[in-house]
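Enquirer: Here's my sequence, what's the structure:
(chains A and B)
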Amino acid sequence: MPTVSMTVNGKPVSAEVEPRTLLVQFLREHLRLTGTHVGCDTSQCGACVVHVDGVAMKSCTTFAWQVEGCHVTTIEGLAKDGKLHPMQEAFREHHGLQCGFCTPGMIMAAVEMVYRKGHDLDEKTIREELDGNLCRCTGYHNIVKAIHAGARAMRDSAGA
Amino acid sequence: MTGTGIGAAVRRKEDLRFITGRGHYTDDISRPGQAYACFLRSPHAHARIRSIDTSAAANLPGVLAVLTGAELQADKIGNLICGWMIHSKDGSPMKMAPHPALAVGKVCYVGDPVAVVVAETLPQAKDAAEKIVVDYEVLPAVADPAKAKEGPQIHEVAPRNTIYEWALGDKAATDAAFASARHVTRLDIVNNRLAPNALEPRAAIGEYDAGSDSFTLWNTTQNPHVARLVISAFVGLAPEHKLRVIAPDVGGGFGSKIFIYPEEVVALWASKRVGRPVKWTCDRSEAFLADAHGRDHVTHAEMAFDDKGKIVGLRVHTIANLGAYMSTFSSSIPTYLYATLLSGQYAIPHIYCEVDAVYTNTVPVDAYRGAGRPEATFVVERLVEVGARELGIDPPELRRRNFIKSFPHQTPVIMTYDAGDYEASLRKALEIADYKNFPKRKRESARRGKLRGIGFSTYIEACGIAPSQAVGSLGAGVGLWESAEVRVNPTGSVEVLTGSHSHGQGHETTFAQLVSDRLGIPIENVSVIHGDTDKVQFGMGTYGSRSGAVGMSAIAKALDKVEAKAKKVASHLLEAAEGDIEFKDGKFIVSGTDKSATWADVALHAYIAHKFSGQELEPGLKEGAFYDPTNFTFPAGCHICEVEVDPDTGEVTIVGWTAVDDFGVVINPMIVEGQVHGGIAQGVGQALLEHAVYNSDGQLVTGSLMDYAMPRAGNLPSYKVDMTVTRCPSNPLGVKGCGEAGAIAAPAAVINAVTDAVGVEDIPMPATPQAVWSAIRSRAQPRQAA
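Expert: Numbering: from 1, shown residues only, chains lettered A, B, ... in the order given. Model prediction:
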């Protein structure tokens, strides 16, 4: 079996895996990072979104070997030094989650949305950008509010 | 108590683990030595199984077992059951066909589990499942409920595929009301079939411990004790005390995780057979074939009016598709959760409803968010809206004329509404939606070439299911009370063990708010424990918006007992008569003195027991309660949907949504509003996007998220959510329930708005661009003279 090596949440990891091992399987089963979820099998729901070198990627449709040598960030790696990421805080403050299953993917997608689109996100942009993430509980209303607030908070915390 | 008590928008205690990826959903759990299960499912809607050859699969590397219905029968594993008896009009009992966890002799729907492979790894199990050879004799199938009675017979016990032909109400009186009516509005309605799609797919880990001869099941269930009861008492897999069911974090349910499914039974059974824990996690596309669907009614409905626009009668005939087998509560959904709500918010003197439940070659149909009540609301609110248009009366005005105005109100279909103010929620909604300026907005849309419409839905639902005696008399196989235990620790912190189960509703927060409010202790000092039959006393679980009204009432009752006992302890501690002890703001005070003791003092003294003898008082501070409601609760409200339709494409855009709901007393408005948002989204999904489609061969055409249109953020608006409050008189907290309201109210509001925009009587759900465009085109055709 081939060996894959990458950096996950700042730690170098390496393992022998079957070539058909998906990144999400590698994260969940080999590294026991179970915060990244699998909600579908057609790359539609986005519960599995992680960052690969700072870019949002659906880990359910990425082979582990495809990210050889990359820096992967999962939901477990978002809070730094015991302090929640502003987007995590915003989801809690604005009740942007109910069952919590889509939440890791939502938060990872939202953070990357800010990387690409900046800190002043209007409702239309947020809704369009969330096209790859499904939530069955919230009706998106509070997720949109959370991302709007979280994007601004990311600027404030970066400026602090 | 302020800040975290009843009525405060407390941020959720459970969120920290979910926003940091530290939740524990079933698939996140791995047991030492676990093996993996993969089910081979029927590719045919209806077929006889001539033979199954598992030898090639069994010989593949890593395969531990390949099991079929034959082994299931050899081990005397019982069938799955439906737990609510419905009798037909002629008095005969419903026709419940045997439902084995793995097919025996024949398959009845695409996805019917035929065999299971247990292997060292999931890829090995999947590879092996492909090597099982099943020789099928394909039979003709029927998927359309309207054609079921004439279709090929699916089960020996059910001629004409008829499960029951049930009726409610006074037929003769209703017919008489129609005979003397001034106007009758008629509609043919298809309530479209839906796939629930909780975002967490179902999963199960079965583990047999040979040392204690006992089983543990980790399962995505909304009601672990009910699952344990059914698997033990009916399936017969293990005695109840030898089976532990754990429902850890569960990622949404919406009804679909109430039911006891084949896969968890098989995972448990297989774990004993192979001597290893067995894990099964559903794929999404598999879930479309394996999870119970919702709705799927075909209805003809008629509403009769007098010359003043008063409703004088309602007549409904519904064919309800229950799928290939009767799921756990399926029989009750199109009967006692449907026809009993047909009075809506209106004083209708005569109602008669007939429901024919049929088998088809489709996955079983059971409760899905709202369960019967969305279907009833859609019938009533479509008829009222179309009736208003036909009579030339403003739709809100026609509703107002017919509203029930005094309570309690006995409807002709069983229910006794206890409290409500329908006029208040309508008035508030009309204000927020700025109804009076709608014509101006319509003209403005027209200038941009768009068709604008407005639609109303003044819904009612029955929640807090339900008084056990009442549901027992209607055929329920269970009581529908709830249990709670409040354990006070020696340091004064509190654990609440509840028979309710949270799968997104936020019970860890709202239940703690109640305790904090009552005992005057910080919310951080309260833990809510649920979802484990080894920890929690028997409970009925969460569905039907019952956990506030029934689950929290049980906690309130246990808190009464805790307070009474604590007062006794305080009386010894403060050396005062028990009757002189007051409990206020977390303190025990001797009336008229400055002597007091804190909550923590009293908790400690309850346990150290130094101030009283065992003859006077038992040590400890822990009380339990079972709360059986005295009535259903009746949340109600008004939703107004405003849409813009593009006449060139048929695309519908929701440009405004106003919801004014009466949920009684609100514990946490932030959480309640979140429930409303989510419910509306599912209702809009039903109205505009979602449809589980079977073709005439019984193949599911919409078998993945590529084909089944789940609402996305871009399909939905932001909502204006407000409330009115009439206290529920039948429970100690005055709460009614909020989990399903949006899904119940929304479909009618949307279709009323779209048909208003387009200017047609009806557009079937889902009102896709194609359906709307076709409706616009049909309207453009001049009518041929007959």
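
Enquirer: In space, what's closest to B:Ala45 - neighbours in sequence excluded?
Expert: Leaving aside its sequence neighbours, B:Ala45 sits nearest to B:Gly698 (Cβ to Cβ, 6 or more residues apart in numbering or on different chains; 2.4 Å). C-beta coordinates here come from the backbone N, C-alpha and C atoms, glycine included.

Enquirer: All the helices of the stretch 251-400 of chain B, residue numbers only.
Expert: B:262-274, B:284-290, B:373-391, B:395-402 (DSSP state H, counting those that start in this stretch).

Enquirer: Please identify the most buried of these.
Expert: Stretch with highest mean neighbour count among these: helix B:373-391 (a mean of 25; mean count of other Cβ atoms under 10 Å in any protein chain shown).

Enquirer: Average pLDDT for that one, rounded please.
Expert: Helix B:373-391 shows a mean pLDDT of 98.

Enquirer: Tell me which other helices or strands that helix touches.
Expert: Identification of packing neighbours for helix B:373-391 by 3 or more Cβ pairs under 8 Å, 6 or more residues apart in numbering or on different chains; DSSP states H and E yields strand B:183-191, strand B:297-305, strand B:311-321, helix B:395-402, strand B:451-460, helix B:741-758.

Enquirer: just how off-centre is the third one within its chain?
Expert: When you say that, I think you mean strand B:311-321. 22 Å (Cα atoms, centre = their mean, to the nearest Å).

Enquirer: tell me which strands and helices that strand is in contact with?
Expert: Here strand B:311-321 touches helix B:171-179, strand B:297-305, strand B:351-358, helix B:373-391, going by 3+ Cβ pairs under 8 Å, 6+ apart.

Enquirer: mind checking pLDDT for B:Gly3?
Expert: The per-residue pLDDT reported for B:Gly3 equals 85.

Enquirer: That one and chain A, how far apart?
Expert: Here the criterion is Cβ to the nearest Cβ, to the nearest Å. By it, B:Gly3 lies 16 Å from chain A.

Enquirer: ok, now how distant is that residue from B:Ala70?
Expert: When distance is defined by Cβ to Cβ, to the nearest Å, B:Gly3 is 62 Å away from B:Ala70.

Enquirer: which of the two has more neighbours?
Expert: B:Ala70 (14 against 10; other Cβ atoms under 10 Å in any protein chain shown).

Enquirer: got the helices of the stretch 251-400 of chain B as CSV, with distance to B:Ile763 columns?
Expert: CSV is the format used below for the helices of the stretch 251-400 of chain B (distance: least, Cβ to Cβ, whole Å):
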stretch, distance to B:Ile763
helix B:262-274, 38
helix B:284-290, 25
helix B:373-391, 11
helix B:395-402, 17
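
Enquirer: Of the ones you listed, which is nearest B:Thr299?
Expert: Nearest of these to B:Thr299, taken as Cβ to Cβ: helix B:373-391 at 6.0 Å.

Enquirer: Show me how far the helix or strand bottoming out on mean pLDDT in chain A is from its chain's centre.
Expert: One helix or strand of chain A scores below all others by mean pLDDT, DSSP states H and E: helix A:141-159, with a mean of 94. When C-alpha coordinates are averaged (Cα atoms, centre = their mean), helix A:141-159 and its chain have centres 15 Å apart.

Enquirer: isn't B:Leu705 right up against A:Cys40?
Expert: Yes. The pair formed by B:Leu705 and A:Cys40 meets the contact definition of Cβ atoms under 8 Å, at 5.0 Å.

Enquirer: In contact with residue 131, which residues?
Expert: Went with chain A since none was named. Each residue near A:Asp131 by Cβ atoms under 8 Å, 6 or more residues apart in numbering or on different chains is listed here: B:712-714.

Enquirer: ah, I was thinking of chain B
Expert: B:56-57, B:60.

Enquirer: The closest residue to A:Ala90 other than its chain neighbours: neighbouring residues, count only.
Expert: Spatial nearest neighbour of A:Ala90, excluding adjacent residues (Cβ to Cβ, 6+ apart): A:Gly150 at 3.2 Å. Using other Cβ under 10 Å, A:Gly150 has 26 other residues around it.

Enquirer: just wondering, since we're on A:Gly150, how far is it from A:Asn133?
Expert: Per Cβ to Cβ, A:Gly150 is found 14 Å from A:Asn133.

Enquirer: So which other helices or strands are in contact with the strand or helix carrying B:Gly624?
Expert: Element membership for B:Gly624, per DSSP states H and E: strand B:622-627. Applying 3+ Cβ pairs under 8 Å, 6+ apart, we find strand B:622-627 packed against strand B:482-488, helix B:553-573.

Enquirer: Point to the residue nearest the middle of chain A.
Expert: A:Met108 (2.5 Å; Cα atoms, centre = their mean).

Enquirer: Correct me if wrong: B:Thr755 contacts B:Ala771.
Expert: No. Contact criterion Cβ under 8 Å: B:Thr755 and B:Ala771 do not qualify, at 11.2 Å.

Enquirer: between the two, who's got more neighbours?
Expert: Neighbours were counted for B:Thr755 and for B:Ala771 using other Cβ under 10 Å; B:Thr755 has more, 23 against 17.
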